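Student: Here is a sequence together with a model predicted from it:
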Amino acid sequence: MAHTDMTYSQQQTAAPKRLGIKRWGGAVPYLFIFPWIFGFLVFTLGPLLFSLIISFFDWPIVGQVTFVGIDNYVEMFSNDPLFWKSLFVTLKFAALFVPLNIIVALGLAMLLNQNVKGSAFFRTAFYLPSVISGVALAMIWSWVYSGDYGILNYFLSLVGIEGPDWLNDTKWSLVAMVIASLWGQGSMMLIFLAGLKGIPKDLYESASMDGAGKIRQFFNVTIPMITPTLLFNLITSIIAAFQQLTLALLLTGGGPLKSTYFYAMYMYENAFKYFKMGYSAANAWFMFLIVLTLTFLVFKSSEAWVFYEGEMKTKKEKAKPKRAKRGPQASREGSSI
Amino acid sequence: MKKVTTYTLLILCSLLFIAPLFWAVTTALKSQQELYLFPPKWFPSVWRFSNFAEAWSIQPFNLFMKNTLIVTLLSTLGQLVSCTLVAYGFARFQFKGRDGLFLIVLATMMIPWEVTMIPQYMEFNYLGWINTLKPLIVPSWFGSAYFIFLLRQFIMTLPKELDEAATIDGAGRMTVLLRIIVPLMGPSLILVAVFHMMSCWNDYLGPLIFLNDQTKYTLTLGLSQFKGMHGVDMQSIMAITCLISIPPLAVFFFAQRYIVGGIATTGIKG
């Protein structure tokens, strides 16, 4: 797009000089955003459309490419138990992970928001696991979960529980995945913390004057005020749940008995283990549709439960200079550890 | 009383988050005999720092580190250059289709990587880039939606009069960007660099898909290789785990202030 603009403006150089300058002036913004336009076409839109196209083909990495119509999709739904298995595993994982992730992150953020000394230290502690690589995380947890020598079962034995062989027990492997994933909740906690810090203090004061206890305050002030943040974190968690692949590959390899065989892993294996590119693209598009549908439903429902008050917006505008003032204080906090 | 509960909870929770890391470090320092004990020992009787050097030599980790550094540095440079240009374009120009295009920038953040993964693989395969570091570097030179959004938001907060004054003095747009805007963008550029460096250094799926020859491997790929190897002991795996976690941790401590602020802004504005 930008390219045609450029050639057009080059043609104009023969025209009166002023017009030429104007033409060039018109193209300048597109020159600035050109890297993104090019990248978008070549690395996002192109692949997106291309993957839709190849999902209608039998497309091995080497060999004959054949058009098969909707056969890939038909095969997936009617003749592939692994498709259903992996979809079921992923939904089960999401059903556990998404609410727990939000509860843990919000809980930690609320603890940090209590005006405690050393909050920067605790914040760092909760965030540290999010800094390291997923591979490192998987290696650490595979050792923690070790049935015979693992530290987790040692702790459980201290309170008289004989821990399972986490990663080799079909009953516990998915739970193990959820726990390991929760360990990396840091970013979500920070987002909640920022949301909590944005709640005006006078709301709590007037609530307690009206006789609302801590629990009432939580449900009637805190929760409504952070619903926009909650919405953001909910959507991010859902997307993350469907994309979980690194842990599955490295912690359990999808086992035992496919109990942690995530949809992303199913897709990955179809593409890079069995080289069924067309089929895997069909898998990918189906996942894309599920995620889009879920996101859409969450957004749709958010009209009912997310609280954006017009008044809040003007308050936020006003709060901006305040936030700048808070800056040095925050940085002091950051350097105190 | 309430304070006591809060502190107790905070300490217990931070133990939950730190204990596995701590255990990884002490495991890395243990001797082989001490690994497989139950109940486990928290601290090794002799701190074997030589474990690190031994583990490092099991695979060509020097080479893996070189590859990782090349990828991380070049792609971070690419992100900084391209995202600054694009963000400036969106923040400071009026042009046809700008708002629509910016909406598309935001929408691309929603596309799961898995959907574009296969065609990208085929694209790079066609270009002969599979098994080179190019697929991990080149796309970074064309901007990434999240960073463009971040930088654009930042440029929007700078007073437009700065640009105008410089333009009146006869400066071109590029000069304005380089001489006036970029020097003011310090913190947000650090944020982009830090975020991208960490995600690049930690990346596993990209290298896994695009590289298949050991000489091209990155550190995370090398570490994951241990999984299928026989005769590699846990202390070596933990030693490498610790070593490759040091740079992101160091960067985090150095730039903690920017990171915490940056993540918070995303959530609130997103």
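Tutor: Perfect, thanks for sending it. Keep in mind it's a predicted model, so treat the numbers as computed, not measured.
Student: Please count neighbours and contacts with C-alpha atoms only from this point.
Tutor: OK.
Student: In the stretch 51-200 of chain B, what residue comes closest to chain A?
Tutor: The nearest approach of the stretch 51-200 of chain B to chain A comes at B:Val86, 4.2 Å away (CA to the nearest CA).
Student: unless I'm mixing things up, that residue is touching A:Gly39, no?
Tutor: No. Counting by CA atoms under 8 Å, B:Val86 does not reach A:Gly39; the two are 11.3 Å apart.
Student: circling back to that earlier point, wait, what's in contact with the residue of the stretch 51-200 of chain B closest to chain A?
Tutor: A:Phe32, A:Ile33, A:Phe34, A:Pro35, A:Trp36, B:Gly143, B:Ile148 (CA atoms under 8 Å, 6 or more residues apart in numbering or on different chains).
Student: With just CA atoms, put stretch A:158-169 into CSV.
Tutor: Output of stretch A:158-169 as CSV, limited to C-alpha atoms (Å, rounded to 0.1, in the frame of the first residue of the first chain):
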residue,chain,number,x,y,z
LEU,A,158,5.7,-33.3,57.3
VAL,A,159,2.0,-32.9,57.8
GLY,A,160,1.3,-36.6,57.4
ILE,A,161,0.2,-36.7,53.8
GLU,A,162,1.8,-39.1,51.4
GLY,A,163,2.1,-37.1,48.2
PRO,A,164,1.4,-38.6,44.8
ASP,A,165,3.9,-39.1,42.0
TRP,A,166,2.6,-35.8,40.6
LEU,A,167,3.7,-35.9,37.0
ASN,A,168,3.1,-39.6,36.5
ASP,A,169,-0.3,-39.9,38.1
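Student: So what's the model's average confidence on it?
Tutor: Throughout stretch A:158-169, pLDDT has a mean value of 88.
Student: And the contacts of it?
Tutor: With CA under 8 Å, 6+ apart, stretch A:158-169 has contacts from A:142, A:145-148, A:152-153, A:156-157, A:172-173, A:176, A:251-252, A:255-256.
Student: 6 Å instead, please
Tutor: Outside stretch A:158-169, the residues that touch it by CA atoms under 6 Å, 6 or more residues apart in numbering or on different chains are A:Tyr145, A:Gly147, A:Asn153, A:Trp172, A:Ser173, A:Pro256.
Student: So what does the fourth one have for phi and psi?
Tutor: For A:Trp172, the backbone dihedrals (degrees, to the nearest 10) come out as phi -110, psi -10.
Student: so how far is A:Leu128 from it?
Tutor: In this view, A:Trp172 and A:Leu128 are 26 Å apart by CA to CA, to the nearest Å.
Student: what does the first one give?
Tutor: Taking CA to CA as the criterion, A:Tyr145 is separated from A:Leu128 by 20 Å.
Student: List the ones among the contacts of B:Val86 that fall in helices.
Tutor: Among the contacts of B:Val86, the members found in helices (DSSP state H) are A:Phe32, A:Ile33, A:Phe34, A:Pro35, A:Trp36, B:Ile148.
Student: any weak-confidence spans in chain B?
Tutor: For chain B, applying pLDDT under 70 flags the ranges B:1, B:265-270.
Student: Give me every residue in chain A lying close to chain B.
Tutor: Proximity of chain A to chain B, by CA under 6 Å from any CA of the partner chain, involves residues A:29, A:32-33, A:35-36, A:39, A:47-48, A:51, A:125-126, A:132-133, A:136, A:149, A:190-191, A:194, A:284, A:334.
Student: Just checking, which helix or strand succeeds the helix or strand where the residue of the stretch 51-200 of chain B closest to chain A lies along the chain?
Tutor: Assessed by DSSP states H and E, B:Val86 sits inside helix B:61-92. Sequence order places helix B:98-108 as the next helix or strand after helix B:61-92, per DSSP H and E.
Student: who does that following helix touch, helix- and strand-wise?
Tutor: For helix B:98-108, there is no helix or strand it packs on, judged by 3 or more CA pairs under 6 Å, 6 or more residues apart in numbering or on different chains; DSSP states H and E.
Student: How about that helix, which residues are buried there?
Tutor: B:Arg98, B:Phe102, B:Val105, B:Thr108 (16 or more other CA atoms under 10 Å in any protein chain shown).
Student: show me what contacts B:Asn67?
Tutor: Each residue near B:Asn67 by CA under 6 Å, 6+ apart is listed here: B:Thr218.
Student: how much space between it and A:Asn153?
Tutor: Taking CA to CA as the measure, B:Asn67 and A:Asn153 are separated by 38 Å.
Student: do the same with A:Lys258
Tutor: On the measure of CA to CA, A:Lys258 and A:Asn153 end up 23 Å apart.
Student: Equivalent analysis for B:Pro139, please.
Tutor: Distance, B:Pro139 to A:Asn153, by CA to CA: 44 Å.
Student: How about B:Ile259?
Tutor: Taken as CA to CA, the span from B:Ile259 to A:Asn153 is 35 Å.
Student: can you point me to the longest helix in the chain?
Tutor: Reading this off chain A. Selection of the longest helix in chain A by residue count, based on DSSP H, yields helix A:81-112.
Student: was after chain B, sorry
Tutor: helix B:234-269.
Student: what's it packed up against?
Tutor: helix A:186-197, helix B:2-28.
Student: on that earlier part again, would JSON lines of the contacts of B:Val86 with neighbour count and distance to B:Ile168 be doable?
Tutor: Formatted as JSON lines, the contacts of B:Val86 follow (neighbours: other CA atoms under 10 Å in any protein chain shown; distance: CA to CA, whole Å):
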{"residue": "A:Phe32", "neighbour count": "22", "distance to B:Ile168": "20"}
{"residue": "A:Ile33", "neighbour count": "25", "distance to B:Ile168": "24"}
{"residue": "A:Phe34", "neighbour count": "21", "distance to B:Ile168": "26"}
{"residue": "A:Pro35", "neighbour count": "21", "distance to B:Ile168": "28"}
{"residue": "A:Trp36", "neighbour count": "27", "distance to B:Ile168": "29"}
{"residue": "B:Gly143", "neighbour count": "27", "distance to B:Ile168": "30"}
{"residue": "B:Ile148", "neighbour count": "28", "distance to B:Ile168": "27"}
